[in-house]
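>>> got a sequence here, can you build the structure:
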Amino acid sequence: MAAQLLYAWRVFKATYFRLMETINAQKQKLLSSVSFPLRFLAFIWLIQVFQWLSGYDLGFLGLLPREISGLKGILFAPLVHADFEHLLSNSVPLFVLSVIILFFYRRTAISAFTMIYFLTGLSVWIFARENVFHIGASGVVYGLVSYVFWMGVFRRSIQAVILALIVTILYSGMFLGVLPGQEGISWESHLMGGLVGIFTAYWFKGDYEAAEIKPVYSWEKEQYQQPESFFLPPDTFEKTRRQRQIEAQQRRQIDWTSDDTSPSEDRFWRS
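Modelled structure (predicted):
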């Protein structure tokens, strides 16, 4: 009895420490996933506060399609907003989606974010309306929404599908933003961001996270392992005695024929 209690205590202790290690690792992962979005948003808010305090309009840093001077907007347009309401509407989804991809898609998060950021700006510069400055981070937000959703479509892992469903529930209303004819709204940025998000998800669809890879257990491996040799043929009990006798006779005839014809074939080819 004492030995059993001691064994149970050791199992509980090992399980407890393993659980605490997992919790601490996930906590550190969450903190690091929150760090970048917070700093990025703080920088954008500082820019908006500067505009508000100084009265200086930074709209000229936006994207001006098909103008060489407008190329700078590929880098600066997502950082500039028209007012605090515009900034606030982008801040919450930008933060939530950035944390999601950094926590759950850690291997590809920075590369995916960078691709969405710059390709969205470039595509807006190529295809959007002329003579209009396009500003704001909404294109990046739409790219992130599209990326998380289509990752679920392309990968079809449990984690990716659940995240796609969550994003669909939270931000399904945003898809109306890609429709043209909305006054004062850069629907082109929304549309281009969504398309770039699909492309980015397809680009990184094969870079699975460790949590998405299904473990193969020992009993599953045994199903695919065939023994190198059998004591009896595998179909011993599937054939009648008469069928086995016929096959044995056929094999003997083949062996006799091959032994008999090989010398003549050898003489034939040497003549």
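>>> remind me, longest helix of this structure?
helix 2-54 (DSSP state H).
>>> helix or strand right after that one?
helix 73-76 (DSSP states H and E).
>>> give the buried residues for that next one.
By 16 or more other CB atoms under 10 Å, the buried positions in helix 73-76 come out as 73-74, 76. (Glycine included, C-beta is placed from N, CA and C.)
>>> what's the answer for stretch 201-211, then?
Going by neighbour count (16+ other CB under 10 Å), the buried part of stretch 201-211 is 201, 204-205, 208.
>>> same thing with stretch 147-163?
For stretch 147-163, by 16+ other CB under 10 Å, it's 147-152, 154-155, 157, 159-160, 163.
>>> in helices only, show me those residues.
Among the buried residues of stretch 147-163, the members found in helices (DSSP H) are 147-152, 154-155, 159-160, 163.
>>> any weak-confidence spans in this structure?
Within the chain, the ranges that satisfy pLDDT under 70 run 1, 209-242, 255-271.
>>> related to what we said a few turns ago, looking at the buried residues of stretch 147-163, which is nearest residue 120?
residue 147 (10.9 Å; CB to CB).
>>> which ones are touching that closest one?
101, 112, 116, 197-198, 200-201 (CB atoms under 8 Å, 6 or more residues apart in numbering).
>>> try it again at 7 Å.
Residues in contact with residue 147, defined by CB atoms under 7 Å, 6 or more residues apart in numbering, are 101, 112, 116, 197, 200-201.
>>> check the burial of residue 167 by counting its neighbours.
Residues contacting residue 167 under the criterion other CB atoms under 10 Å number 24.
>>> how near is it to residue 129?
28 Å (CB to CB, to the nearest Å).
>>> coming back round to it: and the buried residues of helix 73-76 as CSV, adding distance to residue 182?
CSV is the format used below for the buried residues of helix 73-76 (distance: CB to CB, whole Å):
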residue, distance to residue 182
73, 20
74, 23
76, 23
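>>> which one of these is nearest to residue 61?
Once CB to CB is applied, the member of the buried residues of helix 73-76 that ends up nearest residue 61 is residue 76, at 4.0 Å.
>>> if I look at residue 30, how far off is residue 249?
Residue 30 is 73 Å from residue 249, by CB to CB.
>>> who has more neighbours out of these two?
Set residue 30 next to residue 249 and count neighbours by other CB under 10 Å: residue 30 wins out with 13 against 10.
>>> grab the nearest non-local neighbour of that one.
Once flanking residues are discounted, residue 30 sits nearest to residue 103: 6.3 Å by CB to CB, 6 or more residues apart in numbering.
>>> could you check how far whatever helix or strand that neighbour lives in is from the centre of its chain?
Element membership for residue 103 (DSSP H and E) is helix 84-104. With CA atoms, centre = their mean, to the nearest Å as the basis, helix 84-104 stands 18 Å off its chain's centre.
>>> contacts only, for the residue nearest to residue 30.
For residue 103, the contact set (CB under 7 Å, 6+ apart) comprises 29-30, 33.
>>> now those residues as a markdown table including distance to residue 2?
Formatted as a markdown table, these follow (distance: CB to CB, whole Å):
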| residue | distance to residue 2 |
| --- | --- |
| 29 | 41 |
| 30 | 42 |
| 33 | 46 |
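>>> between those residues, which is nearest residue 18?
So of these, ranked by how close each gets to residue 18 (CB to CB), first place is residue 29, at 16.5 Å.
>>> name the nearest residue to the closest one, sequence neighbours excluded.
residue 103 (6.4 Å).
>>> also residue 84?
residue 48 (6.4 Å).
>>> what's around that neighbour, how many residues?
For residue 48, using other CB under 10 Å, the count is 20.
>>> before I go, just wanted to say thanks for your time.
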